[in-house]
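need the 3D shape of this:
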Amino acid sequence: MTDNIAKITKILLWVLIALSLFYAIMLFVNTTEEDTTWITNSLTYTKVLLIFAVAAVVFFSLFNFIMNLISRPKKALLSLIPILVLGIVFFFAYSNASDEVLYMPTYEGTDNVPGILKWSGAGLITAYIFFGLAVVSILYVEIAKLFK
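Numbering: from 1, shown residues only. So this is what the prediction gives:
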């Protein structure tokens, strides 16, 4: 059963990488000032991936919590740490995001409002924090290998 899950996961990840590469190439090749279809499609694809990633973290954390609740209660509590970290980082990002309306004289859209700007800022800060944590963890693992 584990081999089947590993095969399915490997295929799914390669499909996601191929789709991401396709959207990245098409974004740069087919986007003009008049036609922004690929920008919209790329942003939608990014939102779907983000929702999928957050849902996977929450689902598997809760799944591990439920599976370990009866047999190993201490390990069950440890499986809730990813949800807690995600919540803390997003709370920090949301509280530090600005909702100040931007001065853009040529922009005529409806998205330059405090609510959307606050959520966008929180998303960017969250992405920056997790990117930084990923780089730090990669460096830590590589440096720790040198001392073993």
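
tell me which other helices or strands the helix or strand containing residue 28 touches.
Following DSSP states H and E, one finds residue 28 within helix 2-29. The criterion is 3 or more Cβ pairs under 8 Å, 6 or more residues apart in numbering; DSSP states H and E, and the helices and strands that helix 2-29 contacts are helix 37-69. For the C-beta atoms, the positions are set from N, CA and C on the backbone; glycine is no exception.

and the angle for the helix it packs on with helix 2-29?
Between helix 37-69 and helix 2-29, the angle formed by their directions is 160 degrees, by axes from the mean of the first three to the mean of the last three Cα atoms, to 10 degrees.

average pLDDT across helix 37-69?
Per-residue pLDDT values over helix 37-69 give a mean of 83.

ok, stretch 109-121 next?
Within the predicted structure, the mean pLDDT of stretch 109-121 is 86.

list the buried residues of that stretch.
Of the residues in stretch 109-121, those buried by neighbour count under the rule 16 or more other Cβ atoms under 10 Å are 117-118, 121.

returning to what we had before: any idea how far the helix holding residue 28 is from the chain center?
The offset between the C-alpha centroid of helix 2-29 and the centroid of the whole chain comes to 16 Å, using Cα atoms, centre = their mean, to the nearest Å.

so what's residue 13 up against?
By Cβ atoms under 8 Å, 6 or more residues apart in numbering, the contact set of residue 13 is empty.

ugh, typo on my part, it should be residue 69
By Cβ under 8 Å, 6+ apart, the neighbours of residue 69 are residue 76.

how close does it get to residue 117?
Between residue 69 and residue 117 the distance is 41 Å, computed by Cβ to Cβ, to the nearest Å.

quick one on the thing from earlier: list just the nearest of the buried residues of stretch 109-121 to residue 93.
Within these, distances to residue 93 taken as Cβ to Cβ reach their minimum at residue 121, with 7.7 Å.

got the buried residues for the helix or strand harbouring the closest one?
In this structure, residue 121 is located in helix 114-146 according to DSSP H and E. Of the residues in helix 114-146, those with enough neighbours to count as buried (16+ other Cβ under 10 Å) are 117-118, 121-123, 125-126.

ok, the residue positioned nearest the centre of the chain to residue 56 distance?
Among the residues of the chain, residue 50 comes closest to the average C-alpha position under Cα atoms, centre = their mean, at 4.4 Å. Spatial separation of residue 50 from residue 56 under the definition Cβ to Cβ is 11 Å.
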